[in-house]
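Q: attaching a predicted model along with its sequence, questions to come.
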Amino acid sequence: MWLNARHVSRFKPGLRSAVSTQESATRTALEDLIEEGRRTGEFTTDDALGVALHILVTVDGLGAYANDDTQVDHPVLEDMAIATAERLLGLTRGTLRTRA
(Lines give C-alpha, C1' and ligand atoms only; values in the text may rest on other atoms or scores of the structure.)
Protein backbone atom coordinates (compact mmCIF):
# COMPACT_ATOMS: atom_id res chain seq x y z
CA MET A 1 0.00 0.00 0.00
CA TRP A 2 2.87 2.35 0.85
CA LEU A 3 4.48 1.87 -2.54
CA ASN A 4 1.15 2.61 -4.20
CA ALA A 5 0.74 5.80 -2.16
CA ARG A 6 4.25 6.88 -3.17
CA HIS A 7 3.44 6.21 -6.83
CA VAL A 8 0.06 7.97 -6.81
CA SER A 9 1.54 10.91 -4.88
CA ARG A 10 3.44 11.88 -8.01
CA PHE A 11 0.10 12.97 -9.50
CA LYS A 12 -1.74 14.24 -6.40
CA PRO A 13 -0.22 17.28 -4.64
CA GLY A 14 -2.14 16.68 -1.40
CA LEU A 15 -1.03 13.07 -1.21
CA ARG A 16 2.50 14.09 -2.17
CA SER A 17 2.64 16.38 0.84
CA ALA A 18 1.26 13.70 3.18
CA VAL A 19 3.67 11.05 1.87
CA SER A 20 6.60 13.45 2.17
CA THR A 21 5.64 14.34 5.73
CA GLN A 22 5.31 10.67 6.71
CA GLU A 23 8.57 9.68 5.03
CA SER A 24 10.39 12.49 6.80
CA ALA A 25 8.92 11.54 10.18
CA THR A 26 9.77 7.85 9.72
CA ARG A 27 13.29 8.60 8.49
CA THR A 28 13.94 11.03 11.35
CA ALA A 29 12.60 8.62 13.99
CA LEU A 30 14.76 5.78 12.69
CA GLU A 31 17.81 8.03 12.39
CA ASP A 32 17.28 9.24 15.98
CA LEU A 33 16.96 5.66 17.23
CA ILE A 34 20.16 4.67 15.46
CA GLU A 35 21.98 7.75 16.74
CA GLU A 36 20.90 6.94 20.30
CA GLY A 37 22.16 3.37 19.89
CA ARG A 38 25.43 4.73 18.55
CA ARG A 39 25.79 7.08 21.54
CA THR A 40 25.18 4.25 24.01
CA GLY A 41 27.63 1.98 22.21
CA GLU A 42 25.07 -0.57 21.02
CA PHE A 43 25.54 0.29 17.35
CA THR A 44 28.77 0.87 15.47
CA THR A 45 28.09 3.33 12.69
CA ASP A 46 29.27 6.80 11.92
CA ASP A 47 26.37 7.48 9.56
CA ALA A 48 22.99 7.14 11.26
CA LEU A 49 21.15 8.74 8.33
CA GLY A 50 22.86 6.47 5.81
CA VAL A 51 21.95 3.37 7.81
CA ALA A 52 18.36 4.58 8.22
CA LEU A 53 18.03 5.16 4.48
CA HIS A 54 19.55 1.76 3.68
CA ILE A 55 17.11 -0.02 6.02
CA LEU A 56 14.09 1.89 4.70
CA VAL A 57 15.00 1.24 1.07
CA THR A 58 15.45 -2.46 1.88
CA VAL A 59 12.01 -2.59 3.50
CA ASP A 60 10.45 -0.73 0.55
CA GLY A 61 12.17 -3.05 -1.89
CA LEU A 62 10.83 -6.10 -0.08
CA GLY A 63 7.38 -4.54 -0.15
CA ALA A 64 7.55 -4.48 -3.94
CA TYR A 65 7.29 -8.29 -3.86
CA ALA A 66 4.20 -8.32 -1.62
CA ASN A 67 1.64 -8.27 -4.43
CA ASP A 68 3.71 -9.95 -7.11
CA ASP A 69 1.81 -12.65 -8.99
CA THR A 70 4.98 -14.68 -9.24
CA GLN A 71 6.00 -15.24 -5.65
CA VAL A 72 9.73 -15.41 -5.14
CA ASP A 73 10.28 -18.01 -2.47
CA HIS A 74 13.83 -17.90 -1.22
CA PRO A 75 15.13 -18.08 2.36
CA VAL A 76 17.20 -14.90 1.92
CA LEU A 77 13.98 -12.87 1.72
CA GLU A 78 12.70 -14.14 5.09
CA ASP A 79 15.01 -11.98 7.16
CA MET A 80 16.63 -9.65 4.64
CA ALA A 81 15.62 -6.43 6.41
CA ILE A 82 16.74 -7.74 9.79
CA ALA A 83 20.03 -9.12 8.43
CA THR A 84 20.67 -5.82 6.65
CA ALA A 85 20.01 -3.80 9.80
CA GLU A 86 22.20 -6.05 11.94
CA ARG A 87 25.07 -5.84 9.46
CA LEU A 88 24.85 -2.04 9.13
CA LEU A 89 24.56 -1.50 12.88
CA GLY A 90 27.44 -3.82 13.73
CA LEU A 91 25.26 -6.30 15.58
CA THR A 92 25.80 -10.04 15.81
CA ARG A 93 23.49 -12.00 13.50
CA GLY A 94 20.29 -12.90 15.34
CA THR A 95 20.45 -9.99 17.81
CA LEU A 96 17.39 -8.13 16.50
CA ARG A 97 15.21 -11.22 16.11
CA THR A 98 16.09 -12.27 19.68
CA ARG A 99 15.19 -8.85 21.04
CA ALA A 100 11.95 -8.69 19.07
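A: Great, that's in hand. Numbers count the residues shown, from 1 in each chain.
Q: poorly predicted segments of this protein, please.
A: 1, 66-69 (pLDDT under 70).
Q: try 80 this time
A: Judged by pLDDT under 80, the chain has its weakly predicted residues at 1-4, 7, 63-73, 100.
Q: ok, residue 95 - how many residues close by?
A: Look at residue 95: counted by other Cβ atoms under 10 Å, it has 15 neighbours. The way it works is simple: take the backbone N, C-alpha and C, and place the C-beta from them, glycine included.
Q: quick check: it touching residue 86?
A: Yes. Between residue 95 and residue 86 a contact is recorded at 5.8 Å, counting by Cβ atoms under 8 Å.
Q: check contacts around the nearest residue to residue 60 once chain neighbours are set aside.
A: Nearest residue to residue 60 in three dimensions, chain neighbours excluded: residue 3, at 6.6 Å (Cβ to Cβ, 6 or more residues apart in numbering). Contacts for residue 3 were tallied using Cβ atoms under 8 Å, 6 or more residues apart in numbering; they are 60, 63-64.
Q: next one: residue 58
A: 80-81, 84-85 are the contacts of residue 58 under Cβ under 8 Å, 6+ apart.
Q: SS state for residue 41?
A: Secondary structure for residue 41, judged by DSSP: H, G, I helix; E, B strand; the rest coil, is coil.
Q: so residue 53: helix, strand or coil?
A: Quick answer, by three-state DSSP: residue 53 is helix.
Q: roughly how far apart are the residue nearest to it when sequence neighbours are not counted and residue 51?
A: Of all residues not flanking residue 53 in the chain, residue 27 sits nearest, at 7.1 Å (Cβ to Cβ, 6+ apart). Counting by Cβ to Cβ, to the nearest Å, the gap from residue 27 to residue 51 is 11 Å.
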